[in-house]
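Chemist: Quick one, what's the 3D model for this:
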Amino acid sequence: MLYRVEGIVIRSMDYGEGNKIITLCTATHGKIGVLARGAKKVKSRHAALTQPFTYGEYTFYRQKEGLGTLNQGEIIESHFSLREDLYSAAYASYACELLDRTLQDEEVGSFWFNQLKACLDGLSAGKDPEIVIHLFEMKILQAAGYGPVIEECLSCGRQDDTHFISPRLGGRLCRSCRHHDPAAMKVAPGTYKLLSLFERMDLRRLGNAEVRDSTKAELKKVMRAFIDMQLGLQLKSRNFLDQLDKYEI
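Modeler: Numbers count the residues shown, from 1 in each chain. Model prediction:
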């Protein structure tokens, strides 16, 4: 059967002497694997279509199960700038791997696709990569069914002036309910405000934000704890980001 879909390349791997297998995140067919014959060859008409982060229209043949075979395609947005810069590539790779490991094969939903596209567009546009990625992490948690409860206490529904966040339980605890998780983190008002905004905001609406380094550091700690506690993923791309942070000047 012939398929024509818009998709983003979230994974690309060599296969055999001259071929590549790409994994596409699509709005209409979920996550799909496609074989691009000859794509490793420099003069291949498919070479550019298989580059990581590429957003394009892909036409491929596929049986009911297994890989599709790429017939033709057209690039809509290459996101070349993300591949030529080490830090941008690291953040984009993390976003793609996080989605790839969380999204089940052919789990259909345009939300996943739209948030990834907005994430890559935001990184390409030079928006603060840490803010873009942490908002994307929040959207991934929500799409996977583990979205944190930030606006009110997840135990009693109360809203008070304390900001205790429990990644283990999945959200905010008020002063009276903090005993449910003594390890809950008390976060600064600025961090809580961002978390509350992230809970409600679509990534496509994110503008240019200026956030203090101390707030970003605390936000990173909180979001990483949510990802670890709720998804339990070991991601190579995140380890690489950590190594870059150590050597950043």
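Chemist: okay, CA-based contacts and neighbour counts for the rest of this
Modeler: Fine.
Chemist: Heading C-terminal from the helix or strand that contains E199, find the next helix or strand.
Modeler: Using DSSP states H and E, the element containing E199 is helix 189-200. Helices and strands here follow DSSP H and E; after helix 189-200, the next one along the chain is helix 213-230.
Chemist: Now do the buried residues in that following helix.
Modeler: 215-216, 218-220, 222-227, 229-230 (16 or more other Cα atoms under 10 Å).
Chemist: Residues in contact with that helix: which ones?
Modeler: 130-131, 134, 137-138, 141, 146, 148, 165, 167-168, 170, 187-188, 190-191, 195, 233 (Cα atoms under 8 Å, 6 or more residues apart in numbering).
Chemist: for the most centrally placed residue in the chain, helix, strand, or coil?
Modeler: Residue closest to the mean C-alpha point of the chain, counted by Cα atoms, centre = their mean, is A95 at 3.3 Å. Under DSSP: H, G, I helix; E, B strand; the rest coil, A95 falls in the helix class.
Chemist: what residues are up against it?
Modeler: For A95, the contact set (Cα under 8 Å, 6+ apart) comprises L116, C119, I133, F136.
Chemist: Let me know the average pLDDT across the helix holding E199.
Modeler: Averaged over helix 189-200, pLDDT sits at 95.
Chemist: Which other helices and strands does it contact?
Modeler: Contact here means 3 or more Cα pairs under 8 Å, 6 or more residues apart in numbering; DSSP states H and E; on that basis helix 189-200 packs against helix 129-143, helix 213-230.
Chemist: what's the model's confidence in the helix or strand harbouring L116, averaged?
Modeler: Assigned by DSSP H and E, L116 falls within helix 110-124. Here helix 110-124 scores 95 as its mean pLDDT.
Chemist: helices and strands around it, which ones?
Modeler: Right, helix 110-124 is packed against strand 2-15, strand 19-26, helix 80-84, helix 86-102, helix 129-143 by 3+ Cα pairs under 8 Å, 6+ apart.
Chemist: Show the average pLDDT along the second one.
Modeler: When you say that, I think you mean strand 19-26. Computed over strand 19-26, the average pLDDT equals 95.
Chemist: start the count at 871, not 1, going forward
Modeler: Done: numbering now begins at 871, and the last item shifts to strand 889-896.
Chemist: And that strand, what does it pack against?
Modeler: Judged by 3+ Cα pairs under 8 Å, 6+ apart, strand 889-896 is in contact with strand 872-885, strand 901-906, helix 980-994.
Chemist: Next one: the residue lying farthest from the centre of the chain relative to V1019, how far apart?
Modeler: Distance from the C-alpha centroid of the chain, by Cα atoms, centre = their mean, peaks at S1046 (34.3 Å). Here the criterion is Cα to Cα, to the nearest Å. By it, S1046 lies 16 Å from V1019.
Chemist: Pull out the buried positions in the lowest-mean-pLDDT helix or strand in the chain.
Modeler: In the chain, no helix or strand scores lower on mean pLDDT, DSSP states H and E than helix 1106-1117, which sits at a mean of 87. Buried positions in helix 1106-1117, judged by neighbour count with 16+ other Cα under 10 Å: S1107, R1108, L1111.
Chemist: One more: stretch 924-938?
Modeler: Within stretch 924-938, the residues scored as buried using 16+ other Cα under 10 Å are T924, Y925, G926, E927, Y928, T929, F930, Y931, R932, L937, G938.
Chemist: Can you pull the domain assignment for the protein?
Modeler: What automatic domain parsing lists as the domains of the chain is 872-948, 974-1117.
Chemist: tell me the most buried of those domains?
Modeler: Using mean count of other Cα atoms under 10 Å, the stretch among the domains of the chain with the largest mean neighbour count is domain 872-948, at a mean of 19.
Chemist: Nothing else from me, thank you.
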